[in-house]
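Asks: Turn this into a structure:
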Amino acid sequence: MAALRRALARLSFLRSSARVLLTGRKTDLCKPSKWTRVPFSSAASLAVGGLVSLCAVPFKQVEPLSHDSLIRRAASLVTDSSSTFLSQTTLALIDAITEYSKAVHTLIALQKRYLDSLGKLTQAAEDSIWQVIITQRAKVNDIQDECKRLELMWVAAVSLCETAAEAAYVSGADHASVVLRTNIQVAQSQMEETRKLSMDADKKLSETKVMEVERMSQHAASLESGNDEEEIPEAYLRED
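Replies: This next block holds a predicted model:
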């Protein structure tokens, strides 16, 4: 019975303490009061500490996401991924076109060297240079095929970005749409500058081919004239 009386007295004390704390002003709840300095039991300390901690943490009600906000977020993600796809294909195509231009210039140098050596080198040396030219031409063709493949991918990336930018604008993600359209313009500008390199290389290669045809014709004509000059004395000898 004595233990029961002590338990009831402790429970009554806890109830009266909580009632005093709850009926006080809100500002008093956040300030350390005399109750927090009283050596309560473990249960009393938990009750008072819980009230103080609730006072210190601000409560904010989270509003449910609307369909429009979810669509705008999805549109922004689409623009980010589309922009990454465009930047990667642009870099790959620029590297391929640059490599193609270098390979074409190397081929031009080899062809000029071969034309300059016509009639000056042995047949074995000319054949060696010609084999190098054939190998370089095959390399140029392979890189050109790779450029065509990457260009198709780049065009698809641009089209995808334009569609994503339009979708972002319609959904209300204006900033994402503007950023993506800017990235499209930058990529197109970079490609225009890079294409000038390949166009210049192709132009010089065409000029070299024309030069090759002229030099080969002149060389063949010189060989024929030389053979005719050597055969004339024999014809006169036969007539004699």
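Asks: Only C-alpha atoms from now on, for both contacts and neighbour counts.
Replies: Will do.
Asks: Where do the domain boundaries of this structure fall?
Replies: In terms of domains, the chain is parsed into 13-56, 70-239 (source: automatic domain parsing).
Asks: Compute the distance between Trp79 and Leu115, please.
Replies: Just so we're on the same page, residue 79 is Thr rather than Trp. The gap separating Thr79 from Leu115 is 53 Å, by C-alpha to C-alpha, to the nearest Å.
Asks: Compare those two and say which is more crowded by neighbours.
Replies: Taking other C-alpha atoms under 10 Å, Thr79 and Leu115 do not tie; Thr79 has more neighbours (26 against 20).
Asks: what residues are up against the more buried one?
Replies: With contact taken as C-alpha atoms under 8 Å, 6 or more residues apart in numbering, Thr79 is in contact with 161, 164-165, 168, 176-177, 180.
Asks: gap between Ser189 and Ala103?
Replies: From Ser189 to Ala103 the distance is 23 Å (C-alpha to C-alpha).
Asks: Would you mind telling me which of the two has more residues around it?
Replies: Ala103 (20 against 11).
Asks: ok, back up a step: put together a markdown table for the domains of the chain, with mean pLDDT on each row.
Replies: Shown next, in a markdown table, are the domains of the chain (pLDDT from 0 to 100):
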| stretch | mean pLDDT |
| --- | --- |
| domain 13-56 | 45 |
| domain 70-239 | 86 |
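Asks: hey, which of those domains is tucked in deepest?
Replies: Ranked by average neighbour count under the criterion mean count of other C-alpha atoms under 10 Å, the domains of the chain are headed by domain 70-239 at a mean of 16.
Asks: Name the residues that touch stretch 127-139?
Replies: 103, 106-107, 110-111, 114.
Asks: among these, which are in strands?
Replies: If you go by DSSP state E, the contacts of stretch 127-139 have nothing in strands.
Asks: what's the closest of these to Asp145?
Replies: For those, the closest approach to Asp145 (C-alpha to C-alpha) belongs to Ala103, at 13.1 Å.
Asks: so Glu193 is in which element?
Replies: Using DSSP states H and E, Glu193 sits within helix 174-239.
Asks: That helix - contacts with which helices or strands?
Replies: For helix 174-239, the contact count by 3 or more C-alpha pairs under 8 Å, 6 or more residues apart in numbering; DSSP states H and E identifies helix 67-116, helix 123-171 as packing neighbours.
Asks: okay, these in JSON lines with distance to Leu205 next?
Replies: Listed next are the helices and strands packed on helix 174-239 as JSON lines, based on distance: least, C-alpha to C-alpha, whole Å:
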{"stretch": "helix 67-116", "distance to Leu205": "6"}
{"stretch": "helix 123-171", "distance to Leu205": "11"}
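Asks: Out of these, flag the one nearest Glu212.
Replies: So among the helices and strands packed on helix 174-239, helix 67-116 is nearest, using C-alpha to C-alpha, at 6.7 Å.
Asks: Ramachandran angles for Gly119?
Replies: In terms of degrees, to the nearest 10, the main-chain angles of Gly119 are phi 80, psi 0.
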